[in-house]
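Engineer: coordinates only, sequence not included:
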């Protein structure tokens, strides 16, 4: 087994030095809630000090910084600043699209049965408007043909979460207006080929929404090349930011397609002129931001975005992804050695930083409690254990994970 010391070691060392969590934990739970990066922690502390000492006299400088962060966020996915809105979380981003889209009775949206609840409920909530939500099954039986074609490349039985694009297409008809899928499955870790899904949506003449929360900050994405219509992601997972601060991307030509929900003083072009009540919306995604921004959350998210962007700039686009997948692969090898069954697809074009697995004995909740007591953070999802390492995790963290799980 190759040592992680040979996979993007400089990037890993720099990021590890910026993660205070490493002093206490072997942290493998970034797909749930990530620990704050050091720069994010500093940004929040600085904001709190300024807010307590100087009140709103500092507000203009905060606002300027938020616009700088908008630029960094846009650049990270190949978008324009005008296509980025800051939102509280992925759910808010999905809801802005679901509620703002010009549906007609009899329309439908197609998604998957194993989506995170936030990428199901906003669509299901459209039933009162006569919009059907079609949920395509994702399981071993549904993907039998795909599974057979991959047998030569797969080392594990019981692999779950594969998405069959043919089944997705078959669920669409002339009244389908939207396909909504996750870039990476939150429980299985299955990574979709977004280019293939975007081609499918284009061929069918439907819009594509992507819940990107489990991929953004890990895998490269350029929306100028991959024609996604809408995308949302919270910053508290792989982006190493705080909860309550996320991003919504709306392709420029779709801006006027959505009816803005939650319009407020910040939505209009004269947002600083409170005496001028004239509903002229900003010609940008900022129109969806409504009222006062989450300043501490946005500033902290920006600090982590800067950190991650600097690493990608110095070590090459995709370096973070290579390291994360390598850490996950190392963990898989070590876990197999203690009897684990890996349930996530680990083929090169589908693997992510999320690994679902089970160990003999089957008491996932009990094993998680034992891991936490041993200073190892991980999750249980769908009755299985789930790890989600980041680029700063190292061989020592993997040793700790395997030791604590293998000790029962």
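Structural biologist: Cool, the structure landed. Computed from a predicted model, the values in this text were never measured in an experiment. Numbers count the residues shown, from 1 in each chain.
Engineer: next, count neighbours for residue 344.
Structural biologist: 26 (other Cβ atoms under 10 Å). C-beta: built from backbone N, CA, C; applies to glycine.
Engineer: over to the one 4 residues further on?
Structural biologist: The number of residues packed near residue 348 is 8, by other Cβ under 10 Å.
Engineer: what pLDDT does the model give it?
Structural biologist: Predicted confidence (pLDDT) for residue 348: 92.
Engineer: begin at 613 from here
Structural biologist: Let's use 613 as the start, then, which means that last one is residue 960.
Engineer: ok, and it, which helix or strand is that part of?
Structural biologist: Using DSSP states H and E, residue 960 falls within no helix or strand.
Engineer: which residues are contacting stretch 701-710?
Structural biologist: Residues outside stretch 701-710 that contact it (Cβ atoms under 8 Å, 6 or more residues apart in numbering): 697, 699, 721, 730-731, 734-735, 737-738, 792, 821, 823, 825, 842-846, 855-856, 858-860, 862, 870, 872-874, 900.
Engineer: so which of those belong to helices?
Structural biologist: 734, 735 (DSSP state H).
Engineer: quick check: PyMOL command selecting the buried ones in the contacts of stretch 701-710.
Structural biologist: Here is the PyMOL command that selects the buried residues among these (16 or more other Cβ atoms under 10 Å):
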select buried, resi 697+699+721+730+731+734+735+738+792+821+823+825+842+843+844+845+846+855+856+858+859+860+862+870+872+874+900
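Engineer: mind listing residues that contact whichever strand in the chain runs longest?
Structural biologist: As assigned by DSSP state E, the longest strand anywhere in the chain is strand 788-794. Under the contact criterion Cβ under 8 Å, 6+ apart, strand 788-794 has outside partners 706, 713, 715, 719-724, 727-728, 731, 735, 746, 775, 780, 784, 804, 809, 812-813, 816, 818-826.
Engineer: partner strands of that strand and their direction?
Structural biologist: Strand pairing for strand 788-794, using DSSP bridges, gives strand 720-724 (parallel), strand 819-823 (parallel).
Engineer: now do the buried residues in the first one.
Structural biologist: When you say that, I think you mean strand 720-724. 720, 721, 722, 723, 724.
Engineer: hang on, the second one packs against residue 745?
Structural biologist: Read it as residue 721. Yes. When contacts are counted by Cβ atoms under 8 Å, residue 721 is listed as touching residue 745 (5.5 Å).
Engineer: which neighbours do the two share?
Structural biologist: 735, 738.
Engineer: measure residue 901 to residue 877 for me?
Structural biologist: Remark: distance between residue 901 and residue 877 (Cβ to Cβ, to the nearest Å) = 10 Å.
Engineer: those two: which is more packed in?
Structural biologist: Using other Cβ under 10 Å as the criterion, residue 901 and residue 877 rank with residue 901 on top: 23 against 15.
Engineer: tell me the pLDDT of the more buried one.
Structural biologist: 96.
Engineer: likewise for residue 683?
Structural biologist: 98.
Engineer: what sits closest to it if chain neighbours are left out?
Structural biologist: Of all residues not flanking residue 683 in the chain, residue 693 sits nearest, at 5.4 Å (Cβ to Cβ, 6 or more residues apart in numbering).
Engineer: the one you found against residue 680, yeah?
Structural biologist: No. With contacts counted by Cβ under 8 Å, residue 693 stays clear of residue 680, the gap being 9.9 Å.
Engineer: of the two, which one has the most company?
Structural biologist: Applying other Cβ under 10 Å to residue 693 and residue 680 shows that residue 693 carries more neighbours, namely 16 against 12.
Engineer: where's that one relative to residue 907, distance?
Structural biologist: Counting by Cβ to Cβ, the gap from residue 693 to residue 907 is 18 Å.
Engineer: and for residue 809?
Structural biologist: The value you get for residue 809 to residue 907, if Cβ to Cβ is used, is 35 Å.
Engineer: kindly report the same for residue 780.
Structural biologist: Applying Cβ to Cβ to residue 780 and residue 907 gives a distance of 40 Å.
Engineer: then residue 784?
Structural biologist: Distance from residue 784 to residue 907, by Cβ to Cβ: 42 Å.
Engineer: more crowded one of those two?
Structural biologist: Neighbour count, other Cβ under 10 Å: between residue 784 and residue 907, residue 784 has more, with 22 against 19.
Engineer: where is the longest helix in this protein?
Structural biologist: Per DSSP H, the chain has its longest helix at helix 907-927.
Engineer: helices or strands next to it in the packing?
Structural biologist: Packed against helix 907-927 by the contact rule (3 or more Cβ pairs under 8 Å, 6 or more residues apart in numbering; DSSP states H and E) you find helix 621-629, helix 650-666, helix 671-688, helix 931-949.
Engineer: tell me what angle the helix or strand that comes right after the longest strand of the chain forms with strand 819-823.
Structural biologist: Next helix or strand after strand 788-794 toward the C-terminus (DSSP H and E): helix 806-816. For helix 806-816 against strand 819-823, the angle by axes from the mean of the first three to the mean of the last three Cα atoms, to 10 degrees is 150 degrees.
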